[in-house]
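Chemist: What shape does this take:
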Amino acid sequence: MSTSLEKLDAPKAGPSEFDRRNNRTRFGFRWTNYLRMWFGTPSRRRLAYAALQIGPIRHWEKQYAKLTDKEILQKGFRLKGRARGGESLDKLLPEVFGLASEAAWRTLKMRPYDVQLAAGVVLHKGGLAEVATGEGKTLIATCPTALNALVGKGAHVTTVNDYLALRDGDLTSNIYNAVGLGVGILQQKMEDAHRTLAYQQDITYGTASEFGFDFLRDRLKLKGSSANAVPFWSAWEAGVASQPRDPKVQRGHHFVLVDEADNIFIDEARTPLIIASPTRKATPEESVVYQWADDLARRMERNHHFFLDDKKQKLELTDLGRHIIRYANPPSGKHSHAMDKMHEHVERALQAHYRFRLDQHYLVEDEKIVIIDESTGRRMPDRHWRDGLHQAVEAKENAPITMASDHAAQITYQTFFKLYTKLCGMSGTAEQNFFELLRVYRLWVVTLPTNRPLLRKDMSDRVFPNETAKLEAIVAEVQRMRELGRPVLIGTRTVEKSEKVGAYLNDAGIPHQVLNARPGLQEKEADIVAQAGRKSAVTIATNMAGRGTDILMGGNAETLAWAKFKEQYHSRRDVPPELWKQTVEQIEHEEQIPDQRRDVLAAGGLHVLATERNEALRIDRQLQGRAARQGDPGSAQFFVSLDDQLLEGLGPNRQTSLEAAGQKGGKRNWQSYLPLFKKAQVKLESRHYRQRLDLMMYEKNRMEVLKELGADPYVD
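Modeler: I've put the predicted structure just below:
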């Protein structure tokens with residue numbers, strides 16, 4: 001006999017048994033949370049409020065466990081009706097979270113932990129939840145997203161790449177569908193008709209850039225169709241049905257949850273989203289000015305013909321440099337420029353030579369320049385640098401010159417996400433930038449405790465005189481870890497360094513996998529990272545490649561199973577359940593994954609070995625977070641040397657002297673140089689912070705001017 005929906009009991013005022021037994025260990029006693037909610041700091045107040053919601057949520061979860069699947073769906077429709085009828089979402093929160101939690105258990109056999117529910121409450125209240133790596137952000141997103149989708153205005157969930165958007169959207173759609181909510185997934189190069197259908201769903205998953213570019217494309221469509229606007233009196237004329245429909249694919253900006261928010265709000269904040277006209281190859285006459293500037297830049301000397309301020313990233317020609325340009329036989333004819341423009345061409349050529357490095361900032365593929373995203377190590381083939389810089393890099397690498405494209409529309413992430421009525425996000429590392437996130441996005445960072453105690457051992461950095469000594473030490477450390485049976489994840493900053501480390505490991509006869517921005521590797525990204533936890537496995541990855549993919553000790557049987565089915569099925573949920581279960585169990589038996597997991601955990605778990613410090617402590621923390629997930633043991637350590645690129649933050653003179661000292665070698669106390677790396681990191685973080693603020697102020701002033709002129713601030 002089914003349980004009637006109307007007979008579900010409302011929660012009592014006192015704490016539940018679950019609350020008394022569990023809540024005190026992770027969030028403190030109930031009475032202390034009441035005090036923090038009224039007298040704590042803004043972040044602590046939000047965490048205390050979230051902790052107090054867990055008891056009522058668990059109560060409703062137990063009530064819904066008595067219902068059938070059909071009754072769960074009916075309850076979802078009723079909650080949707082109450083939300084659209086004007087009932088407060090805060091009042092509905094315990095019921096919706098409890099319903100989504102029960103749906104997650106029935107469809108995925110996953111039940112959110114207390115810390116996951118608390119993180120969901122923080123997100124619903126418009127905060128930025130700092131959740132440790134491996135704590136299940138995909139599941140955390142489901143409860144607040146389902147709650148805010150009930151009003152029918154659309155809820156957007158952004159990820160860092162198409163793979164994660166498809167994976168998370170496909171996985172969580174089982175939960176949303178069980179409570180009566182539809183899910184759409186955005187992918188690159190998707191037709192407008194399919195995009196419109198995706199946005200018409202209650203919940204839409206996609207990358208942040210796809211949401212931003214769709215907004216810009218909609219603005220361009222509206223601008224293009226304004227000349228053909230239908231007059232207001234056409235409603236009383238014949239042929240109304242033939243009138244053009246709304247050309248936009250997006251239907252509004254109500255709620256957005258940004259996964260990996262630090263990457264979007266901070267790393268990507270320096271790069272505006274721009275829609276430009278298609279590029280074309282330049283003619284020989286159009287290319288000559290870039291080639292002339294590149295040839296001249298190769299012959300110019302720093303601090304003699306020009307000055308480069310590494311701190312402000314500004315380049316200035318000296319009087320001698322301008323003199324050389326004037327008498328260096330500049331191009332003439334149809335495509336020549338005035339002398340001040342010639343100066344700008346040479347300055348961009350110098351920037352290309354002295355600021356942009358091959359295999360770090362860009363790759364050369366099929367005679368084309370492909371930009372590398374420094375924060376993720378991924379290829380960005382659709383991006384181009386502005387104002388002739390891309391052409392300067394092409395000339396530097398002797399690649400065919402493409403003509404600079406005209407910009408049709410642009411917007412920054414900072415401006416785009418402020419369009420949403422409610423903005424929230426998740427990140428594993430946001431605390432260091434809490435002031436910037438509060439100032440720019442009005443988001444309070446709330447740090448959530450881990451579900452299980454963190455067992456990672458963060459070892460002190462080791463300093464070496466030069467790169468050769470460092471790489472030799474890395475090989476020795478990897479050999480030691482493999483003898484113990486521990487997997488090793490080696491993090492590098494650039495493609496070049498990843499391949500150099502790989503060459504040293506090859507010489508030592510150590511088998512390994514390399515994951516970087518080279519063509520063909522990104523398609524295997526999730527598979528490579530998912531198997532990085534195998535016994536004695538060695539994986540080299542640039543920066544945060546593989547972000548969003550769990551490294552399971554002993555290996556990931558489900559990833560191997562999906563590799564067998566992905567050519568036959570569109571998504572994992574299309575695979576028959578019995579066939580999926582049978583295949584996973586077979587792989588676990590053949591690969592001896594349970595035995596490997598036991599051996600790896602006994603040996604000490606995953607060891608993360610970084611070959612240098614990054615320009616932001618936040619990115620270093622992300623790399624460290626790959627080890628010791630969900631209570632597993634693990635360790636992390638950084639190897640640095642005096643010729644690391646990070647020391648540019650100390651200035652060119654100081655960097656040169658340190659590099660020279662390292663090349664001499666000797667028996668010095670190299671560990672005494674460790675504070676210099678932290679000092680350089682702080683200086684570079686400050687520089688990038690100023691760049692993001694400069695972009696924000698520039699964008700703000702630009703939009704104000706365009707609005708005063710009556711122009712569209714997003715369409716150039």
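
Chemist: Could you grab the helix/strand/coil label for residue 138?
Modeler: helix (DSSP: H, G, I helix; E, B strand; the rest coil).

Chemist: Would you check that it makes contact with residue 172?
Modeler: Yes. Between residue 138 and residue 172 there is a contact under Cβ atoms under 8 Å: 6.6 Å. All C-beta atoms are positioned from the backbone trio N, CA, C, and that covers glycine.

Chemist: between these two, who's got more neighbours?
Modeler: residue 172 (24 against 20; other Cβ atoms under 10 Å).

Chemist: quick check, the more buried one in a strand?
Modeler: No. Counting by three-state DSSP, residue 172 falls outside a strand, being helix.

Chemist: what's the closest non-adjacent residue to it?
Modeler: Leaving aside its sequence neighbours, residue 172 sits nearest to residue 142 (Cβ to Cβ, 6 or more residues apart in numbering; 5.2 Å).

Chemist: can you pull the contacts of that neighbour?
Modeler: 100, 104, 112, 120, 172, 175-176 (Cβ atoms under 8 Å, 6 or more residues apart in numbering).

Chemist: Now flag whichever of those residues is closest to residue 504.
Modeler: residue 172 (41.7 Å; Cβ to Cβ).

Chemist: Report pLDDT for residue 13.
Modeler: Note on residue 13: pLDDT of 38.

Chemist: quick one: the nearest residue to residue 89 once chain neighbours are set aside from residue 165, how far?
Modeler: For residue 89, ignoring the flanking residues on the chain, the nearest one in space by Cβ to Cβ, 6+ apart is residue 147 at 5.7 Å. Separation of residue 147 from residue 165 (Cβ to Cβ, to the nearest Å) stands at 21 Å.

Chemist: Residue 157 versus the residue nearest to residue 172, what's the distance?
Modeler: 9 Å.

Chemist: again with residue 687
Modeler: Per Cβ to Cβ, residue 687 is found 32 Å from residue 157.

Chemist: And residue 611, how close does it get to residue 471?
Modeler: Distance, residue 611 to residue 471, by Cβ to Cβ: 8 Å.

Chemist: which residues are contacting the helix or strand containing residue 44?
Modeler: Assigned by DSSP states H and E, residue 44 belongs to helix 42-52. Here helix 42-52 makes contact (Cβ under 8 Å, 6+ apart) with 23, 26-28, 30, 32-38, 40, 117-119, 121-122, 125, 127, 444-448.

Chemist: Emit the PyMOL select command for whichever of these are buried.
Modeler: Filtering the contacts of helix 42-52 down to the buried ones (16 or more other Cβ atoms under 10 Å) takes a single PyMOL command:
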select buried, resi 23+26+27+28+30+33+36+37+40+117+118+119+121+122+125+127+444+445+446+447+448
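
Chemist: Report the buried residues of the helix holding residue 44.
Modeler: In helix 42-52, counting by 16+ other Cβ under 10 Å, buried: 43-52.

Chemist: Please name the residues that touch residue 557.
Modeler: 584, 587-588, 591, 593.

Chemist: quick one: pLDDT of it?
Modeler: Residue 557 is assigned a pLDDT of 86 by the prediction.

Chemist: can you give me the mean pLDDT across stretch 42-57?
Modeler: Across stretch 42-57, pLDDT averages out at 92.

Chemist: what about dumping the CA coordinates of it to CSV?
Modeler: Taking Å, rounded to 0.1, in the frame of the first residue of the first chain, the C-alpha atoms of stretch 42-57 are listed here in CSV:
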residue,chain,number,x,y,z
PRO,A,42,29.3,36.9,7.8
SER,A,43,30.9,33.7,6.7
ARG,A,44,30.3,31.9,10.0
ARG,A,45,26.7,33.1,10.1
ARG,A,46,26.1,31.5,6.7
LEU,A,47,27.8,28.3,7.8
ALA,A,48,25.8,28.2,11.1
TYR,A,49,22.5,28.8,9.2
ALA,A,50,23.4,25.9,6.8
ALA,A,51,24.2,23.6,9.7
LEU,A,52,20.8,24.3,11.4
GLN,A,53,19.0,23.2,8.2
ILE,A,54,20.5,19.7,8.2
GLY,A,55,18.1,18.3,10.8
PRO,A,56,14.9,19.4,9.0
ILE,A,57,16.3,18.2,5.7
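
Chemist: Now do it: distance to the chain's middle.
Modeler: Centroid separation for stretch 42-57 versus its chain: 27 Å, with Cα atoms, centre = their mean, to the nearest Å.

Chemist: Same question for stretch 530-538.
Modeler: With Cα atoms, centre = their mean, you get 23 Å for stretch 530-538.

Chemist: CA atoms only for it, dumped as CSV, please.
Modeler: Provided in CSV are the C-alpha atoms of stretch 530-538 (Å, rounded to 0.1, in the frame of the first residue of the first chain):
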residue,chain,number,x,y,z
ALA,A,530,41.1,8.6,-13.6
GLN,A,531,43.8,5.8,-13.8
ALA,A,532,46.5,7.9,-12.1
GLY,A,533,45.8,6.1,-8.8
ARG,A,534,46.9,2.7,-10.0
LYS,A,535,49.7,1.0,-8.1
SER,A,536,53.1,2.5,-9.0
ALA,A,537,51.5,4.6,-11.8
VAL,A,538,53.3,7.8,-12.8
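
Chemist: Need the contact partners of it.
Modeler: Under Cβ under 8 Å, 6+ apart, the answer for stretch 530-538 is 478, 481-482, 485-490, 505, 510-513, 539, 541, 546, 549-556, 559-560, 596-597, 599-600, 603, 606.

Chemist: Go again with 6 Å.
Modeler: Contacts to stretch 530-538, defined as Cβ atoms under 6 Å, 6 or more residues apart in numbering, come from residues 478, 482, 485, 487-489, 512, 539, 549, 551-553, 555-556, 559, 596, 599-600, 606.

Chemist: how much space between residue 250 and residue 438?
Modeler: Distance from residue 250 to residue 438, by Cβ to Cβ: 28 Å.

Chemist: In JSON lines, list the contacts of residue 142 along with secondary structure and pLDDT.
Modeler: Putting the contacts of residue 142 into JSON lines (DSSP: H, G, I helix; E, B strand; the rest coil; pLDDT from 0 to 100) gives the following:
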{"residue": "100", "secondary structure": "helix", "pLDDT": "96"}
{"residue": "104", "secondary structure": "helix", "pLDDT": "95"}
{"residue": "112", "secondary structure": "coil", "pLDDT": "94"}
{"residue": "120", "secondary structure": "helix", "pLDDT": "96"}
{"residue": "172", "secondary structure": "helix", "pLDDT": "93"}
{"residue": "175", "secondary structure": "helix", "pLDDT": "95"}
{"residue": "176", "secondary structure": "helix", "pLDDT": "96"}
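
Chemist: top of those residues by neighbour count?
Modeler: residue 120 (32 neighbours).

Chemist: Enumerate every residue touching that residue.
Modeler: Residue 120 touches 140, 143-144, counting by Cβ under 6 Å, 6+ apart.
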